[in-house]
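Undergrad: below are the sequence and a predicted model; questions follow.
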Amino acid sequence: MQKRIFSGIGILFLGIGACFAQQNQLQTQLKVNQLIDKKAEYHRLTGGEQDGYRIKIYFGVDKDKMKLVKTKFSSRFNEFRTSEDYEQPNWVVLVGDFKTKLEAYEAKKRIEAEFPAFIVKGKIKK
């Protein structure tokens, strides 16, 4: 008789434990879905950009020289994305989209043998 009572109590506790585990799993899934939704909303609001680093290889007023530097760089280092910007009154050529300063520094070491290179903070594409 005692074995039946203990067995029944054990089964009851297992059932309750399974219910709590299932409820906990459901709550965890809801939290994950909320985080995914928040990340998607953040991505929409920021236009897919985040804080990061780029390498500045040209800064000057001569637009033709800027185009020449960008073309020369792209032919030599085609693995890096280049972009040009105008910061009145100067033209700027920026290289790469680096998430960390260490990544930018490693690229800078390769680039600076042929181009002046300075690491700058900026918005990068993800």
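TA: Great, that's in hand.
Undergrad: break the protein down into its domains, please.
TA: The chain is divided into the following domains under automatic domain parsing: 1-47, 49-125.
Undergrad: okay if I get those domains as a markdown table plus mean neighbour count and mean pLDDT?
TA: For every residue, glycine as well, the C-beta is placed using N, CA and C. Output for the domains of the chain, formatted as a markdown table (neighbours: other Cβ atoms under 10 Å; pLDDT from 0 to 100):
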| stretch | mean neighbour count | mean pLDDT |
| --- | --- | --- |
| domain 1-47 | 10 | 66 |
| domain 49-125 | 15 | 94 |
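Undergrad: so where do the helices sit in the protein?
TA: For the chain, the helices defined by DSSP state H cover 2-46, 63-76, 101-111.
Undergrad: compute the inter-axis angle for the second one and helix 101-111.
TA: Orientation of helix 63-76 against helix 101-111 (axes from the mean of the first three to the mean of the last three Cα atoms, to 10 degrees) gives an angle of 90 degrees.
Undergrad: and the longest strand for the chain?
TA: Of all segments of type strand in the chain, defined using DSSP state E, the longest is strand 49-60.
Undergrad: list the contacts of that one.
TA: Defining contact as Cβ atoms under 8 Å, 6 or more residues apart in numbering, one finds that strand 49-60 is touched by 65-66, 69-70, 73, 83, 90-101, 103-104, 107-108, 111, 115-126.
Undergrad: just stretch 107-117 next, same as before
TA: Residues outside stretch 107-117 that contact it (Cβ under 8 Å, 6+ apart) are 55-58, 69, 73, 76-77, 80, 95-96, 98, 118-119.
Undergrad: first-to-last residue distance for that stretch?
TA: By Cα to Cα, to the nearest Å, the extent of stretch 107-117 from end to end equals 10 Å.
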